[in-house]
Each structure stands twice: as structure tokens, then as C-alpha cells.
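Peer 1: I need the structure of the sequence given here:
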Amino acid sequence: MLIKCEPAHFDEIRDIINDAAIAYKGVIPDDCWHEPYMSGDELANQIADGVEFWGYFENDSLIGVMGIQHKQDVTLIRHAYVRTESRNKGIGAKLLLHLTAVATGPVLIGTWAAADWAIGFYRKHGFRLLPEEDKDRLLDRYWRIPARQKHTSVVLAGPNWAP
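Peer 2: As a prediction, the model looks like this:
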């Protein structure tokens, strides 16, 4: 079951993100990895900045989350994570399909360039990698991330993206 997460889900959202983000350890540059991957303060800042989390529940347990953020003329998909033991069961796809359906503008997704599995997932669902020059411009315009993260990231665009 998909529902919009409420403040009461805050700790579960943070726990899912930190559990699933272990996949990045040893893959993304060491200077970009930290534990926890997302602190409670950082999650609170993301929510305050307009990221709305949707969750996938199974047997009354939250097992996957994905954020959506409306920024200017685009919709960003943010922080897409499924608990480690629940991966590869279609949960991410269900969340992505729902969020792209409720998007109010062209959809963009940023992720780590080294996260081949994430890039493959988004490409499988109709997103395309944008060229480096577009990536840098878009990351500067719609995201607030450190320069090092920007350098080691990619941006994917949904089918309705027109530069």
C-alpha cells in the first residue's frame, strides 16, 4: 500500500534511508560517505525544503520510501530507498510510477554516478542520462548539494523533459 508519509514516520524514513544507503559504502567516493548516511537533522532539513515522502507499507510496516519535491518548473524525485531485505520485489517501481504520475512538471532525478544499479533502475523506467553540461547546470539550479557531490553525480530526465 502506498501512502504519503506523516511526521510520525520520521524515524522509520531515516532508518530505511540509512539501511539502504549501505549499498553506497565502498562504491561512492570515500570522502562522500558518512555514517549515518542521513542524520535526523539532514532529513528534517530536506523535509523543511519541501521534500514530501511517500511510503510503501506491507503488513503495517514501512519498507520503502521515495521523496518528491516540486522546484520551480520541475519535479525532483529524491531519496529513493527500500529496506535491504525487501529489494528487488517491485517496491521502488511502484513508488516511482506513483510519484511520476503525480508530478506537476518534467521529472528529474539525481544520483551518484557510481551507483550503476540506481541508474539502471531509472533507465529501465524510461529515464535518460543527461549530458555532463546539462547535469551541472541542473544541479546548480534545482539542488543544494556540495561541490564534491555535484562532481560525482548524474542527472536523469523523464520522458517529458525538454531542455
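Peer 1: avg pLDDT for the longest strand anywhere in the chain?
Peer 2: Longest strand in the chain, counting residues (DSSP state E): strand 61-71. On average, the pLDDT along strand 61-71 is 97.
Peer 1: buried residues, it. List them.
Peer 2: Using 16 or more other CB atoms under 10 Å as the test for burial, strand 61-71 gives L62, I63, G64, V65, M66, G67, I68, Q69, K71. C-betas here are computed from N, CA, C, even on glycine.
Peer 1: what residues are up against the last one?
Peer 2: It refers to K71. K71 makes contact with G50, Y142, according to CB atoms under 8 Å, 6 or more residues apart in numbering.
Peer 1: measure it to E12 for me?
Peer 2: 25 Å (CB to CB, to the nearest Å).
Peer 1: cool, the fifth one as well?
Peer 2: Distance of M66 to E12, computed by CB to CB: 14 Å.
Peer 1: swap in the first one?
Peer 2: Per CB to CB, L62 is found 5 Å from E12.
Peer 1: which residues do the two both contact?
Peer 2: G55.
Peer 1: farthest residue from the center of the protein?
Peer 2: N59 (23.8 Å; CA atoms, centre = their mean).
Peer 1: torsion angles phi and psi at that one?
Peer 2: Main-chain dihedrals, N59, degrees, to the nearest 10: phi 50, psi 40.
Peer 1: who does M66 bridge with?
Peer 2: Following DSSP bridges, M66 is listed with bridge partners W54.
Peer 1: how many residues are close by A147?
Peer 2: As a burial measure, A147 scores 8 neighbours (other CB atoms under 10 Å).
Peer 1: can you give me phi and psi for it?
Peer 2: The phi/psi pair for A147 (degrees, to the nearest 10) is phi -60, psi -40.
Peer 1: just H79 next, same as before
Peer 2: Backbone torsions of H79, given as degrees, to the nearest 10, read phi 50, psi 70.
Peer 1: could you do I77 as well?
Peer 2: Phi and psi for I77, reported as degrees, to the nearest 10, are phi -100, psi 130.
Peer 1: measure it to S61 for me?
Peer 2: Going from I77 to S61 by CB to CB gives 23 Å.
Peer 1: rewinding a little: which of the buried residues of strand 61-71 sit farthest apart?
Peer 2: Spanning the widest gap among the buried residues of strand 61-71 are I63 and K71, at 27.2 Å by CB to CB.
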